[in-house]
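In: Below are the sequence and a predicted model; questions follow.
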Amino acid sequence: MNASQRIALNTAASYTRSLIGAALSLFSSRWILGALGEIDYGLFSLIGSILIFITFLNTVLSGSASRHFAYSIGQGDPEEVNHWFNAAFSIHLSLAIGLTFFGWLAGEYIIVEKLNIPLARLSSCLLVFRISLISLFVGMLSVPFIAMFRAKQNIAELSVFDLLYSILSFSFAWCLTIYHGNRLVLYAIGMTAIPVLIYSAQIFRALKIFQECEISFHKWFNRSRVKEIFSFATWSLIGTLGSLLRDQGSAILLNLFFGARLNAAYGIAKHVSTQTGQLAGAMLGAFSPEITSSEGRGDRARMIILSLRACKFGTILIMFLAIPLMVEMDYVLKLWLREPPAYTAPFCRLILCTFIIDRLSTGYMLAVNAGGKIAAYQATLGTILILTLPLAWLFLELGYAPTSVAFAFVITMSLCSMGRVLWVRKQFGVPLSRWFTAVILPCSIVACSSLVAAWMPYWMMPPSFLRLVLVSIISGVLSVITTWFFALNQAEQDFFRQNIRLLFNKLNVLLPRIRAGKSVK
């Protein structure tokens, strides 16, 4: 299997998993919101924001580990990969212990002293926080193993684990509806046990199938490798911190200004955008290791081509679902949640817009990371993202609606996306015109055609499930058609034809064998 076919297989597996997972997650959210109620749902979302703050350093280092794994794999040296793995594992083990301990102390202080939490729910929130720290610890420990799956481009197997997680979470959400005790605490227990099970399985599986994951204590804390991992991660820290302050800081800001009910609306909006973003992220996860490996082999031309494709296909994939969803957001929320919290629909629309703007240049972010020179890049773009929080605070202080927080998202993400393009021009000499012709132009054509197609039944019919189906089908069909004729170049069309033909040939060989086996029985 060549690199292009591997990317296609990984994308198909990840996209299918994300599609099923998104459907299960969005449907189960209705049960969870109904079982917990707006207040407890908002409180759980708020506690989740604190937990993400605790793990932000671990998140930064995970990206650094993945980059060094993939780069070494591109150079074709398994022993070198094992050295990087052991260095990364020793770091993440130390972080898991240290961050969990100090996060416990800091998190409890914030919950008790700083947040706007009803007194009657304070003890439950503290218990939820402590229980959730268990999955936090195991999750941090599993990062180098999951990074190896990605670096080795074994994305299809990761998709199976993710799908299992979605099925277990969906089943647990149904169980929550028939329980009559403290549902907030039970939800925390379930959402801790399921990730711990999945993380443990991924760790044992990686140890079994990847020789590069062999643990050698004498390779731990290698000074030069640890220094390089931290050096790369230090500059990524700024960008990650910017995203963290934007997403989780906004949740805390809304809590301080409006209370837990607004956290429920914001939490649902983030949940919708996360599930939609995973669909595009599925493709980026398939592209990222190959982009880094291409740079490791010295094939920069291919690296740039792949990064542009990641921008284009990532945007188109997210628009395929986001555009009809944005048009029918009010009806979908009522169908999904029956009585969605106030401001949920505008929050969802604006945050989905932010995701689309982000995907327009995400491939360029992967290119810069592959190149390794990220210090000034992260400092510039991270600062832009950090400005989201003070901008959101300013809007709220001036008396604007709660949704002004999401407008701050759109403004800073637009600046950030353009900054990536300018940085790639500076670092790799890729002209702006190439990004406009390869990404902006085809994506704009697909977006306009899809939007027009979605608005036609929306304006002609009253709100109904039939209208939702027609909006989705007409918009989706026109997106596929315009993507084929206006977004794919000749080489990409030939690639799809070749693989579709190959798939049908395999089916023609397989089906007679299946029929013959049934006849024998």
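Out: Thanks, I have it.

In: only C-alpha atoms for contact and neighbour calcs from this point on.
Out: Noted.

In: Give me the three-state assignment for Gly181.
Out: coil (DSSP: H, G, I helix; E, B strand; the rest coil).

In: Residue ranges of each domain in this protein, please.
Out: Following automatic domain parsing, the chain resolves into domains at 3-430, 433-506.

In: How far away from the center of its chain is the longest one?
Out: Right, the one you point to is domain 3-430. Averaging C-alpha positions (Cα atoms, centre = their mean, to the nearest Å) puts domain 3-430 5 Å from its chain's average.

In: one step back: redo the domains of the chain as CSV? Include mean neighbour count and mean pLDDT.
Out: Compiled in CSV, those are given as follows (neighbours: other Cα atoms under 10 Å; pLDDT from 0 to 100):
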stretch, mean neighbour count, mean pLDDT
domain 3-430, 20, 79
domain 433-506, 16, 87
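
In: Against which helices or strands is the regular element (helix or strand) spanning Tyr364 packed?
Out: Using DSSP states H and E, Tyr364 sits within helix 362-371. Packed against helix 362-371 by the contact rule (3 or more Cα pairs under 8 Å, 6 or more residues apart in numbering; DSSP states H and E) you find helix 56-75, helix 260-296, helix 300-327, helix 404-428.

In: closest to Tyr165 out of these?
Out: Nearest to Tyr165, of all those, is helix 260-296, at 13.7 Å by Cα to Cα.

In: helix/strand/coil for Tyr400?
Out: coil.

In: for it, phi and psi?
Out: With angles defined as degrees, to the nearest 10, Tyr400 sits at phi -70, psi 170.

In: Renumber starting at 354 from here on
Out: Sure, I'll start numbering at 354, so the last one becomes Tyr753.

In: Show me where the stretch 454-603 of the chain has its helices.
Out: Secondary structure of the stretch 454-603 of the chain by DSSP state H, counting those that start in this stretch: the helices cover 475-504, 508-530, 536-562, 576-611.

In: so which of the ones you listed gets nearest Gly387?
Out: Among the helices of the stretch 454-603 of the chain, helix 508-530 comes nearest to Gly387, with 7.8 Å by Cα to Cα.

In: can you list the helices of the stretch 454-603 of the chain in CSV and add distance to Thr453?
Out: As requested, the helices of the stretch 454-603 of the chain are exported to CSV (distance: least, Cα to Cα, whole Å):
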stretch, distance to Thr453
helix 475-504, 6
helix 508-530, 23
helix 536-562, 14
helix 576-611, 18
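
In: For Met771, find the nearest of these.
Out: Nearest to Met771, of the helices of the stretch 454-603 of the chain and by Cα to Cα, is helix 576-611 at 14.8 Å.

In: Excluding sequence neighbours, find me the nearest residue to Pro795.
Out: Leaving out its chain neighbours, the residue that sits closest to Pro795 by Cα to Cα, 6 or more residues apart in numbering is Ala840, at 4.7 Å.

In: Now do the contacts for the one you found.
Out: By Cα atoms under 8 Å, 6 or more residues apart in numbering, Ala840 lies in contact with 795-796, 799.

In: now swap in Tyr552 and tell me
Out: 491-492, 495.

In: Please report how far it lies from Ala388.
Out: As for Tyr552, its distance to Ala388 is 27 Å (criterion: Cα to Cα, to the nearest Å).

In: just Phe666 next, same as before
Out: From Phe666 across to Ala388, the span is 38 Å (Cα to Cα).

In: sorry, back to before: can I get the helix holding Tyr717 in CSV, CA atoms only?
Out: Extracted as CSV, the C-alpha positions of helix 715-724 are listed here (Å, rounded to 0.1, in the frame of the first residue of the first chain):
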residue,chain,number,x,y,z
THR,A,715,-4.8,23.9,9.4
GLY,A,716,-2.7,22.0,6.8
TYR,A,717,-0.3,24.9,6.9
MET,A,718,0.0,24.5,10.7
LEU,A,719,1.0,20.9,10.1
ALA,A,720,3.6,22.0,7.6
VAL,A,721,5.2,24.5,10.1
ASN,A,722,5.2,21.8,12.8
ALA,A,723,6.9,19.4,10.4
GLY,A,724,9.6,22.0,9.6
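
In: next helix or strand past it?
Out: Using DSSP H and E, the helix or strand that follows helix 715-724 in sequence is helix 728-739.

In: between that following helix and helix 757-781, what angle do the directions make?
Out: On the basis of axes from the mean of the first three to the mean of the last three Cα atoms, to 10 degrees, helix 728-739 is oriented at 170 degrees to helix 757-781.

In: any idea which helix or strand carries the nearest residue to Gly460 once chain neighbours are set aside?
Out: Closest residue to Gly460 apart from its sequence neighbours, by Cα to Cα, 6+ apart: Ile403 at 6.7 Å. Per DSSP H and E: Ile403 is located in helix 356-407.

In: So what does Ile531 look like in phi/psi?
Out: Taking degrees, to the nearest 10 as the convention, Ile531 sits at phi -100, psi 0.

In: Tell me the span between the first and last residue of stretch 499-510.
Out: 11 Å.

In: same thing with stretch 526-546?
Out: This stretch, stretch 526-546, spans 13 Å end to end (Cα to Cα).

In: what comes into contact with it?
Out: Counting by Cα under 8 Å, 6+ apart, residues outside stretch 526-546 touching it are 381-382, 384-385, 387-389, 393, 397, 477, 480-481, 484-485, 487-488, 522, 525.

In: Go again with 10 Å.
Out: Stretch 526-546 is contacted by residues 377-378, 380-390, 393-394, 396-397, 474, 477-489, 491, 520-522, 525, 549 when judged by Cα atoms under 10 Å, 6 or more residues apart in numbering.

In: now stretch 557-564
Out: 431-432, 434-435, 495, 497-502, 505, 510, 552, 555, 565-568.

In: now stretch 764-775
Out: For stretch 764-775, contacts defined as Cα under 10 Å, 6+ apart pick out 596, 599, 706-718, 720-721, 730-731, 733-742, 744, 760, 763, 778-779, 782-785, 788-789.

In: same thing but 7 Å
Out: Residues outside stretch 764-775 that contact it (Cα atoms under 7 Å, 6 or more residues apart in numbering) are 707, 710-711, 714, 717-718, 734, 737-738, 741, 785.

In: Kindly reformat the contacts of Tyr552 as TSV containing distance to Ala698.
Out: Formatted as TSV, those follow (distance: Cα to Cα, whole Å):
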residue	distance to Ala698
Val491	35
Gly492	32
Ser495	36
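
In: Which member of the residues you listed is positioned nearest Leu468?
Out: Gly492 (25.7 Å).
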